[in-house]
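S.K.: build me a model:
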Amino acid sequence: MAQVKRPLSPHLQVYRWGAHMAVSIINRMTGVALAVGTILLAWWLVAIATGYEYFNTIQGYADSILGRLVLFGLTYALMQHLAGGIRHLFMDTGKMYDLKSNTLSAKLTFVFAIVTTLAIWFAAYKVMGRL
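M.R.: Residues are numbered from 1 along each chain as shown. A predicted model of the protein is given here:
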């Protein structure tokens, strides 16, 4: 029996890559990152409950360069996911479906996430007296 060549999905030929597509994909990725971050938070809380020595071990990991990079990434993921969720909430009401406002709101989610992440980390370092 001969195999029939079926056409590819139309999205491969019709749609162009845009900020709105990137926000959709990144929103899913940040959701997964936040799930992993929740496990790390639970591990940290268990360390607090376990005792001083174990907590110091976990805190040593968090204070390392890699640990701070992970925490910075999780902060960014939270802010990006928040911005994407707010954008989606507005879209659920029927707003921002024209291409111009849709693209602008998608780009603004990245701006919001970057600015708020940097503000949170700046404030945290200021409170800790490291600035």
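
S.K.: can you give me the strands for this protein?
M.R.: Applying DSSP state E to the chain gives no strands.

S.K.: the longest helix along the chain packs against which elements?
M.R.: Scanning the chain for the longest helix, with DSSP state H as the assignment, gives helix 19-50. Here helix 19-50 touches helix 52-63, helix 65-92, helix 99-128, going by 3 or more C-beta pairs under 8 Å, 6 or more residues apart in numbering; DSSP states H and E. For glycine as for every other residue, the C-beta is placed from the backbone atoms N, C-alpha and C.

S.K.: so for residue 37, which of these sits nearest?
M.R.: Nearest to residue 37, of all the helices and strands packed on helix 19-50, is helix 65-92, at 4.2 Å by C-beta to C-beta.

S.K.: which strands or helices does that closest one pack on?
M.R.: Helix 65-92 sits against helix 19-50, helix 52-63, helix 99-128, with contacts defined as 3+ C-beta pairs under 8 Å, 6+ apart.

S.K.: angle of it against helix 99-128?
M.R.: In terms of direction (axes from the mean of the first three to the mean of the last three C-alpha atoms, to 10 degrees), helix 65-92 departs from helix 99-128 by 140 degrees.

S.K.: helix 65-92 vs helix 19-50, what angle?
M.R.: With the same axes, to 10 degrees as the basis, helix 65-92 and helix 19-50 are set at 130 degrees to each other.

S.K.: may I see the buried residues of stretch 71-90?
M.R.: 71, 74, 75, 76, 77, 78, 79, 80, 81, 83, 84, 87 (16 or more other C-beta atoms under 10 Å).

S.K.: fine by me, thanks again.
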